[in-house]
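A.B. asks: Turn this into a structure:
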Amino acid sequence: MERILVTGGAGYIGSHVCQRLLLDGHKVGIVDNLSTGSRIALDALGHCEFYNSDILDFGAMSRILKDFQPGVVVHFAAAAYVGESMSDPLKYFDNNVAGTISLLKAMVSCLSEPKVIFSSSCSVYGSTNSAKGFSECSPLSPESNYARTKLNCEEILRSLVEAKKLTAVCLRLFNVGGASYDLRFGERHEPETHLIPLAILAALLPDRRLLIFGDDWDTPDGSCQRDYVHVEDVADAVSAAVHKLSYRASEFLGRFVPLNLGRGEPTSVFDLVATIETISSRVVKRSTVLRRAGDVARVYGDIGKANLLLGWTPKRTTFDICSSAYAFEFNRIRDIA
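C.D. replies: Predicted coordinates for the structure are as follows:
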């Protein structure tokens, strides 16, 4: 099997991906500076080669790549808070764009046939009021600095592919949620900004309330709509992409391949809150506040291309996402108590 290097492998999505790659029989290396990654996740993974380093450090990345010699690099390391990206844009362009350039320079210098699976974002599309979801051919119109950094990275990757320097599979992730069913891996963000764990905490803890950022959006119930995909489904897609790249699939090698990863349907904030209330048998305490800079009304995707090229279809429902996240958060609170 392949040697796979995962940047950001101690993070929420990265740790699930590493677990899946280990189950596939691959040898997995992790690069993470642990600024947001979790030591707990690293300990749970166990059988990985861990490099406590930063992708901005070109020298360190060169040494790691020469030492580990990965067949595929899976790049998940990024700063990922939309609101923070609007107040601190330099942090985002430095970490996400300059960090990706550093990693890619090292890959091109140190690997004979560089192949990267890049974690991009549906936010590169912007917003739509169309009845149809975004396809990979939809116009790209990022509305936050976070989204702009992801599009910048995509453009760099496309340019390197055109220059015949590498192969790039670009996964445009929609809203990732849920936890592993063994409850070893889940969301551990500090601070937590993602809707599902925040709603769960507002149901479980007496002093927590969920902030609803606007209830006057141009959607059926006035709340934002997003396309939620289970983190285990994302890990399945990365596994399928690694398999394709490992077996030199002609539709991938030497190409830039963007793929949407979502469920292909929109779910509103209020619908998600109702689902969590059903699962928990508790009220999600909430308050409506002003919209956040960079937020958009509706985002969901057409996932037909991922099915066609990877044979991938999401297996888990929105209920599965919320129920696994609830079980993980409930256990985490109980353990802390």
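A.B. asks: can we go C-alpha only for contacts and neighbour counts from here?
C.D. replies: Will do.
A.B. asks: List the strands paired with the worst-scoring helix or strand of the chain on mean pLDDT, with their directions.
C.D. replies: Least confident element among the helices and strands of the chain, by mean pLDDT, DSSP states H and E: strand 298-299 (a mean of 84). Strand 298-299 sits in its sheet next to strand 225-226 (parallel), going by DSSP bridges.
A.B. asks: Give me the three-state assignment for the nearest residue to Asn307 once chain neighbours are set aside.
C.D. replies: Sequence neighbours aside, Thr313 is the residue nearest to Asn307 in space, at 5.7 Å (criterion: Cα to Cα, 6 or more residues apart in numbering). The three-state label given to Thr313 by DSSP: H, G, I helix; E, B strand; the rest coil is coil.
A.B. asks: mind checking how far Thr313 is from Leu245?
C.D. replies: For Thr313, the distance to Leu245 equals 19 Å [Cα to Cα, to the nearest Å].
A.B. asks: and these two? which has more neighbours close in?
C.D. replies: Leu245 (22 against 19; other Cα atoms under 10 Å).
A.B. asks: I'd like the mean pLDDT over the host helix or strand of that one, please.
C.D. replies: Assessed by DSSP states H and E, Leu245 sits inside helix 231-246. Averaged over helix 231-246, pLDDT sits at 97.
A.B. asks: gap between that helix and the chain center?
C.D. replies: Centroid separation for helix 231-246 versus its chain: 13 Å, with Cα atoms, centre = their mean, to the nearest Å.
A.B. asks: Stretch 225-240 now?
C.D. replies: 8 Å.
A.B. asks: thinking again about what came up before, by contact count, what packs against the helix holding Leu245?
C.D. replies: helix 12-23, strand 72-75, strand 115-121, strand 175-177, helix 304-310 (3 or more Cα pairs under 8 Å, 6 or more residues apart in numbering; DSSP states H and E).
A.B. asks: My guess is Asn145 contacts Met86. True?
C.D. replies: Yes - the criterion here is Cα atoms under 8 Å, and Asn145 meets it with Met86 at 5.8 Å.
A.B. asks: So the two - more neighbours on which side?
C.D. replies: A side-by-side neighbour count of Asn145 and Met86, using other Cα under 10 Å, places Asn145 first with 23 against 17.
A.B. asks: so who does the more buried one touch?
C.D. replies: Contact partners of Asn145, counting by Cα atoms under 8 Å, 6 or more residues apart in numbering, are 82, 85-86, 89, 92, 294.
A.B. asks: can you list those in TSV and add pLDDT, distance to Tyr326 and secondary structure?
C.D. replies: Shown next, in TSV, are the contacts of Asn145 (pLDDT from 0 to 100; distance: Cα to Cα, whole Å; DSSP: H, G, I helix; E, B strand; the rest coil):
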residue	pLDDT	distance to Tyr326	secondary structure
Val82	85	24	helix
Ser85	94	28	helix
Met86	92	30	helix
Pro89	97	33	helix
Tyr92	98	30	helix
Gly294	63	28	coil
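A.B. asks: okay if I get those as a markdown table plus distance to Cys18?
C.D. replies: Converted to a markdown table, these look like this (distance: Cα to Cα, whole Å):
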| residue | distance to Cys18 |
| --- | --- |
| Val82 | 25 |
| Ser85 | 27 |
| Met86 | 30 |
| Pro89 | 29 |
| Tyr92 | 24 |
| Gly294 | 31 |
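A.B. asks: and of those, the nearest to Thr193?
C.D. replies: Set against Thr193, the nearest of the contacts of Asn145 by Cα to Cα is Val82 (9.4 Å).
A.B. asks: and the closest one, how many residues sit next to it?
C.D. replies: 21.
A.B. asks: Which residue comes closest to it once chain neighbours are left out?
C.D. replies: Tyr146 (5.6 Å).
A.B. asks: wait, isn't the one you found in contact with Asp88?
C.D. replies: No - assessed by Cα under 8 Å, Tyr146 is found out of contact with Asp88, at 10.1 Å.
A.B. asks: which one of the two has more residues nearby?
C.D. replies: Legend: neighbour count by other Cα under 10 Å for Tyr146 and Asp88, higher for Tyr146 (28 against 11).
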